[in-house]
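**Q** Just a sequence and a predicted model for now, questions to come.
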Amino acid sequence: MHKEIADYPIRAIMSPAPVSVRPETTIGELKALFERYDFNAFPVVDAQGMLRGLVSKLDLLRVFRPDRRRGMAGLLAL
């Protein structure tokens, strides 16, 4: 990595107003957002805008895994 680049603060490259999702966002809505924006992850924020976590494209793909313990069947059993 070039030293000039390595010394830049993250704020120089971050998105100041990222697209986010809420904990209530449905899996279908999340899938549509991934398709629309082609992002790898979204911040999850509550009603007050506080960060509650991240949801990645890999998290979404795991929902559809054939492994019944980790896929949609596992979610429905909760």
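**A** Looks like it came in fine.
**Q** okay, now residue 15: neighbour count?
**A** 8 (other C-beta atoms under 10 Å). For every residue, glycine as well, the C-beta is placed using N, CA and C.
**Q** actually residue 55, not the one I typed
**A** Residue 55, neighbours per other C-beta under 10 Å, totals 20.
**Q** Can you check my assumption that it lies in a helix?
**A** No. Read with DSSP: H, G, I helix; E, B strand; the rest coil, residue 55 is strand and lies in no helix.
**Q** tell me the pLDDT at it?
**A** Per-residue pLDDT puts residue 55 at 98.
**Q** who's in contact with it?
**A** 21, 30, 41-42, 44 (C-beta atoms under 8 Å, 6 or more residues apart in numbering).
**Q** Which of these ranks first by neighbour count?
**A** With neighbours defined as other C-beta under 10 Å, the most crowded of the contacts of residue 55 is residue 42; it has 22 neighbours.
**Q** Against residue 58, how distant is that one?
**A** Per C-beta to C-beta, to the nearest Å, residue 42 is found 12 Å from residue 58.
**Q** Over to residue 38?
**A** 15 Å.
**Q** Kindly report the same for residue 46.
**A** Taken as C-beta to C-beta, the span from residue 46 to residue 58 is 23 Å.
**Q** of those two, who's got more company?
**A** Taking other C-beta under 10 Å, residue 46 and residue 58 do not tie; residue 46 has more neighbours (12 against 9).
**Q** Model confidence at that one, what's the number?
**A** Residue 46 is given a pLDDT of 97.
**Q** Could you do residue 65 as well?
**A** pLDDT, residue 65: 80.
**Q** what's the answer for the one 3 residues further on, then?
**A** As summarised for this prediction, residue 68 has a pLDDT of 58.
**Q** Please identify the buried residues of the longest helix along the chain?
**A** Longest helix of the chain, by residue count under DSSP state H: helix 27-37. By neighbour count, and taking 16 or more other C-beta atoms under 10 Å as the criterion, the buried residues in helix 27-37 are 30, 33-34.
**Q** need those in CSV with pLDDT and distance to residue 8, can you?
**A** Below are those laid out as CSV (pLDDT from 0 to 100; distance: C-beta to C-beta, whole Å):
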residue, pLDDT, distance to residue 8
30, 97, 31
33, 97, 28
34, 96, 28
